[in-house]
Structure formats: structure tokens, C-alpha cells
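[1] My questions are about this predicted structure, shown below with the sequence.
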Amino acid sequence: MDKGFSVGFLVVLLILNVMTLIINGITTLGLASVAACAIALGCLVYLARKKK
């Protein structure tokens, strides 16, 4: 899987989760999914920078 694709996918996922959070009101599950996406995105960016 291409790194650019996976980062883009996670960004889209994060945006969708945030929109769902706003629509449904702030729930623990919604916050957890947003946090999980943000952490995954952070890890990918960190690994990408580390390899250079």
C-alpha cells in the first residue's frame, strides 16, 4: 500500500469521524474513533519522517 494513499485515506476517515461526531453530538465512542484516527495518522507521519 502506498504511503500517500494510506495518509489520504486516514485523513478522509478522520474528517468523516469528526463530521459524524458533530452530527450525532459528542459521544465517548465518537471521540474514541477520532482519537484512534488521529493517533494512526500521527504514527504514519512519524514513520514517514523517520525513514527519510
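    Yes, it's here.
[2] hang on, isn't residue 17 packed against residue 38?
    No. The pair formed by residue 17 and residue 38 falls short of the contact definition of Cβ atoms under 8 Å, at 9.0 Å. In short, each C-beta sits where N, CA and C put it, glycine included.
[3] And the two? Which one has more around it.
    Set side by side, residue 17 and residue 38 give different neighbour counts by other Cβ atoms under 10 Å, the larger being at residue 17 (19 against 14).
[4] What residues of the helix or strand where that one lies count as buried?
    Residue 17 is located in helix 3-24, with elements delineated by DSSP states H and E. Neighbour counts using 16 or more other Cβ atoms under 10 Å place 10, 13-14, 17, 21 of helix 3-24 among the buried residues.
[5] Now the residue most central in space within the chain. Nearest residue, chain neighbours left out?
    Note on the chain: the residue nearest the mean C-alpha position is residue 37, at 2.8 Å, using Cα atoms, centre = their mean. Across the structure, with Cβ to Cβ, 6 or more residues apart in numbering as the measure, the residue nearest residue 37 apart from its sequence neighbours is residue 14 (4.2 Å).
[6] so that neighbour touches residue 34, yeah?
    Yes. Applying Cβ under 8 Å as the test, residue 14 and residue 34 come out as touching, 6.8 Å apart.
[7] that older thread, ok, now which ones touch the residue nearest to residue 37?
    Residues in contact with residue 14 (Cβ atoms under 8 Å, 6 or more residues apart in numbering) are 34, 37-38, 41.
[8] Need the max-distance pair from those residues.
    Taking every pair in those and measuring Cβ to Cβ, the maximum separation is 10.6 Å, between 34 and 41.
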